[in-house]
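Participant: The sequence and its predicted three-dimensional model are supplied below.
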Amino acid sequence: MRDREDEWTGLMRLAISGDSAAYHRLLKAVTPVLRAAARRGLARAGQPVDQSEDIVQDILLAVHLKRHTWDAEAPFAPWLFAIARNKLIDALRRRGRRIFVNIDDFAEKIPGEPAAETAPAGEVAAHLQSLPARQREVLQSIAVDAASIRDTAAKFSMSEGAVRVALHRGLASLTAKLREQQ
Amino acid sequence: MMETDQLIRTLAADNAERARPVGFVLTLALVAAAPVSILMFVMTLGVRPDVMTAMHNPFFDLKFAVTLALAIAAIAVSLHLSRPEALLRGWALLLLVPAGLLVAGIGGEMMVPQRLPMMTRLVGHNSRVCMLAITVFSLPLLAGALIGLRHGAPARPAVAGAIAGMLSAGLAATMYASHCTDDSPLFVATWYTIATALVAAIGALAGSRVLRF
C-alpha cells in the first residue's frame, strides 16, 4: 500500500514537471482504486454498483483540472482521495441518498473479486454532444481516434496551440456541465 | 461514447496545460475588486478630517492592526482550505490573532482613565453606519475573493466561503476604520465583529453554491 502510494506521488511529480507519459500511467493506476471505492459507495447507498463509471470519470476530470492544488511536497494519495470522496458524495447526493462516505474506503485494498459488469459511463459522453463543434471534434479525435495533438492539428488544419486550447476548454466545460447538473 | 481509457488519454494529452496557483488568482481577483470598494468608500464616507492627529492615538492605530490581522489571517486560512485534503484544525487559531489584539486593547483601555463611561464608548456615535458600511464595502471584495477561490478545490465550500467573508470584511473594515471616529476597542469588538459575522454568513451562503468544484 505504502509502495503503491509512493509510486503515485513519484508519478505525479513527474507529471507536473511535464512528463505526460507518467501522467497517463498514474491515471491508469488510480482508476481501478477509484472504481472500487465508487462501487463500495454505491453499494452502501443501495444503488446499482454498475453505475460507478460516471463517478470515476467525474473524479478523473476533477483531478485533472484541480491538480494545481496538489502540493508537490505532500503525498499524492490523501489529495486524490479527498477529491474522490467529494465527488462520490456529490454523486450519491444527486441520486437522492444521504450517506456517509468513509475516507478509509479509498485506502482499502482493491477487492480480488472478479470485476462484475460495469455499465459504460454516459454523462461525459452526453455532455460532449453539447460542446461547440470545434472542441467536440478535437476531443473526439484525441479520445476516440487516439490521434496526437499534432495529427489532430493537421486533420483540422489548426495550429497545435489552437488544438491545445480547444482541448483544454472542452475538458473545462465538460466539468462545468457535470457540476451544473447537480 | 467516451470510455474511461479514452478520457484518460485525453487528460494526459492536456498535461501541458498548467494552471496558476490559487494564491496568484486570488491576488489578481482582490486587486481587481479593491478599486470598486475604495471608490464606494471615498464617494460616500471618506477618511476622517482629523486623521493626522488621530494617528497619535494608539487606539486609533489598534483598529488597523486588528482589521489587517483579520484580513491576513483569513487570506492564509482560505489559501490553506483551497486544497481538498486540508483540515481547518490549528489554522483556525490564526483567526484568534485579531481577537487577541482586541482583548489586549480593551485591557489597555481599562488601565488608562477615560472621559466617557464604558457603555458610551461601546455604543459609540455611529454603530449603524459602521455595520452597514463594513458590510456594503466588503461585498465587491467578497465577490473577488470567491472568484479567486473558485480556482481552488475546497472540501467544505461553506466554510471556505465564510473565511472569504472574513477576509473581505477585514479589508473593508480597514478602510472604514480610517473614517470612523469611534476608536474604543470596545466599539470595535462589538460592531466590527457583528459586521464581520454578517459578511461571513453571506460568504458561507454564497460559497456553498459557487465554491463547489
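Facilitator: Thanks, I have it. Residues are numbered from 1 along each chain as shown, chains lettered A, B, ... in the order given.
Participant: what's the spacing between stretch B:22-40 and its chain's center?
Facilitator: 12 Å (C-alpha atoms, centre = their mean, to the nearest Å).
Participant: Show the low-confidence segments of the chain, by residue range.
Facilitator: Using chain A. Chain A contains residues with pLDDT under 70 at A:1, A:97-118, A:182.
Participant: my bad, the chain I had in mind was chain B
Facilitator: Using pLDDT under 70, chain B drops low at B:1.
Participant: Around chain A, pick out the residues from it.
Facilitator: B:1-22, B:82-85, B:152-153, B:155, B:212-213 (C-beta under 8 Å from any C-beta of the partner chain). For the C-beta atoms, the positions are set from N, CA and C on the backbone; glycine is no exception.
Participant: Remind me which helix or strand the most centrally placed residue in chain B belongs to.
Facilitator: Nearest to the geometric centre of chain B sits residue B:167, at 1.9 Å (C-alpha atoms, centre = their mean). Here residue B:167 sits within helix B:157-177, counting by DSSP states H and E.
Participant: mind listing what's buried in that helix?
Facilitator: B:157-177 (16 or more other C-beta atoms under 10 Å in any protein chain shown).
Participant: could you flag which of the residues of chain B next to chain A are buried?
Facilitator: Using 16+ other C-beta under 10 Å, the buried ones in those are B:2-4, B:6-15, B:17, B:22, B:82-85, B:152-153, B:155, B:212-213.
Participant: Among those, which are located in helices?
Facilitator: Among these, the members found in helices (DSSP state H) are B:4, B:6-13, B:22.
Participant: Of those residues, which pair is most distant in space?
Facilitator: Using C-beta to C-beta, those reach their maximum pairwise distance at B:6 and B:22, which is 29.7 Å.
Participant: Number of residues surrounding residue B:197?
Facilitator: By other C-beta atoms under 10 Å in any protein chain shown, 14 other residues sit near residue B:197.
Participant: That one: what secondary structure?
Facilitator: Of the three states, residue B:197 takes helix under DSSP: H, G, I helix; E, B strand; the rest coil.
Participant: Next: residue A:119.
Facilitator: Strictly by three-state DSSP, residue A:119 counts as coil.
Participant: dump the residue contacts of it.
Facilitator: By C-beta atoms under 8 Å, 6 or more residues apart in numbering or on different chains, the contact set of residue A:119 is A:50-51, A:53.
Participant: any idea which helix or strand carries the closest residue to the residue nearest to the centre of chain B other than its chain neighbours?
Facilitator: Closest residue to residue B:167 apart from its sequence neighbours, by C-beta to C-beta, 6 or more residues apart in numbering or on different chains: residue B:74 at 3.7 Å. Using DSSP H and E, residue B:74 sits within helix B:58-81.
Participant: Could you report the neighbour count for the closest residue to residue B:95 other than its chain neighbours?
Facilitator: Nearest residue to residue B:95, sequence neighbours excluded (C-beta to C-beta, 6+ apart): residue B:73, at 5.2 Å. By the measure other C-beta under 10 Å, the count of residues near residue B:73 is 23.
Participant: Over to residue B:112?
Facilitator: Neighbours around residue B:112, by other C-beta under 10 Å: 8.
Participant: I figured residue B:25 was touching residue B:144, is that so?
Facilitator: No. Using C-beta atoms under 8 Å, residue B:25 is not in contact with residue B:144; the gap is 10.3 Å.
Participant: And the strand or helix carrying residue A:3, what does it pack against?
Facilitator: Taking DSSP H and E as the definition, residue A:3 sits inside helix A:2-16. The contact analysis (3 or more C-beta pairs under 8 Å, 6 or more residues apart in numbering or on different chains; DSSP states H and E) places helix A:2-16 against helix A:20-44, helix A:76-94.
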